[in-house]
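Chemist: Need coordinates for the below:
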Amino acid sequence: MSYNDVILLLGSNINNPEKNIEIALEKIENQAGAILNKSELIITKPVEFESYNNFCNIAIKLKTHFSPIKLLSEMKAIEKSMGRVSDSAALGAYRDRIIDIDIILYNNIKFISKRLIIPHYKNLYERDFAKRIINELK
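Modeler: From the prediction side, this is the model:
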């Protein structure tokens, strides 16, 4: 069985964000693969929407045997199990969320489908906070 190196970015800004990140990391490791490395946990202001709730963010390097689409399905299942009811892509807008898990890089591939685009352009190239913690893992 082949394994893939993946970088994920997690964020939470409601209902005890640090604890939400901790729970999500445990679920990821139990359901998707081994966490090889973690960035520092940082606090950031919301990006691209207004909120009084700051985010906790962390980037992780994961080793998984899942395909990109299977990994996306698992991450969406984790978000849903933690209480996230709507996805930003479906809403067409950002809002406060209990957990958000983005697939940033998957090996060195480019992957484009209706549900998923890898690499995740905004987090790799436009959002300074994301670039900083993602670069900790490279």
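
Chemist: how long is stretch 29-42 from one end to the other?
Modeler: Taking Cα to Cα, to the nearest Å, stretch 29-42 runs 20 Å from one end to the other.

Chemist: any idea of the mean pLDDT for it?
Modeler: The average pLDDT within stretch 29-42 is 97.

Chemist: gap between it and the chain center?
Modeler: Mean-position distance between stretch 29-42 and its chain equals 10 Å (Cα atoms, centre = their mean, to the nearest Å).

Chemist: Contacts for stretch 72-91 next, please.
Modeler: Here stretch 72-91 makes contact (Cβ atoms under 8 Å, 6 or more residues apart in numbering) with 8, 15, 20, 23-24, 27-28, 31-32, 66, 94-95, 97-101, 103, 115-116. Backbone N, C-alpha and C define where each C-beta goes, glycine included.

Chemist: Take those and keep only those in strands.
Modeler: Mapping the contacts of stretch 72-91 onto strands (DSSP state E) picks out 8, 100-101, 103.

Chemist: now those in a markdown table, with pLDDT and distance to Ile60?
Modeler: Below are the ones in strands among the contacts of stretch 72-91 laid out as a markdown table (pLDDT from 0 to 100; distance: Cβ to Cβ, whole Å):
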| residue | pLDDT | distance to Ile60 |
| --- | --- | --- |
| Leu8 | 98 | 5 |
| Asp100 | 96 | 13 |
| Ile101 | 97 | 10 |
| Ile103 | 97 | 11 |
